[in-house]
Every structure is written in structure tokens, then in C-alpha cells.
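> Need a 3D model of the following:
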Amino acid sequence: MTDSEKAKLKEIISSRIEETKEEITELQELVKPIPLDASIGRVSRMDAINNKTINESSLREKTQQLKKLERAKENAEADNFGLCSRCGEEIPFGRLEYMPHTTRCVKCVG
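Numbering: from 1, shown residues only. You can find the predicted model right below:
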């Protein structure tokens, strides 16, 4: 991996961290408890509970993604950054650009 590719990946990781933090903040607002005294009908309440469950799942996924991105940011300075943790081959830049938190190449994932 070239120095310019590494620098670009660091920018991408930082950008994705900020985006993910914003998404987490939005999801935290959406998963707040539904007050019992809210004047909504039974069906609307069921929809709200269903949406809350979906948003809670999204929040868990985004939190995990944030942890992976922060770990990638920490590892960006390491000599083995961009190398597959399983086979040791270089992970293609396009894959890292799309998924900067990945630690395995395509053939080792599957």
C-alpha cells in the first residue's frame, strides 16, 4: 500500500467514524421509550413498538461498526495495516476503501 493510499484510507476512516456517530445519535433518539400517555391508537402503538425494535437493532449494528472503525483507525499506523489477518496477503485497496474496517481479503472471508 502506498503512502497516499494509506493517507486516503485514514481520511475515509475518520469520515466514516463521524458519520456513524451522527447515525448513532439519531438512532438513540428513535429508541427512546414510548410514553404510555401518548395519545396514539392501538395499531399506531404497535407500529411504534415495531419501529423501535428495528431501530434498536440498527443501533446495535452501528455501535459495532463504530468499534471496528475506531480499531481500524488505531491500527492504521501498524506495518501490517492492509494485510489479511488470515493469509497475510495485501487486501485490495478498493475493498479497504469500501470497508476500511475489514481485516481479511475476499478469499479468506468466504
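
> and the residue nearest in space to the middle of the chain, what is it in contact with?
Central residue check for the chain by Cα atoms, centre = their mean: the C-alpha nearest the mean position is that of Q65, 2.6 Å away. By Cβ atoms under 8 Å, 6 or more residues apart in numbering, Q65 lies in contact with T20, H101. Heads up, the C-betas are built off the backbone N, CA and C, glycines and all.

> Recalculate using a threshold of 6 Å.
T20 (Cβ atoms under 6 Å, 6 or more residues apart in numbering).

> helix or strand right after the helix or strand harbouring it?
Applying DSSP states H and E as the criterion places Q65 in helix 42-75. Of the helices and strands lying after helix 42-75 in sequence (DSSP H and E), the nearest is helix 93-98.

> In that next one, which residues are buried?
L96 (16 or more other Cβ atoms under 10 Å).

> can you count the residues close to the closest residue to E89 other than its chain neighbours?
Excluding the flanking residues, the one nearest E89 by Cβ to Cβ, 6 or more residues apart in numbering is C105, at 5.7 Å. Neighbour count for C105, taken as other Cβ atoms under 10 Å: 20.

> Tell me the secondary structure of L9, please.
Following DSSP: H, G, I helix; E, B strand; the rest coil, we place L9 in the helix state.
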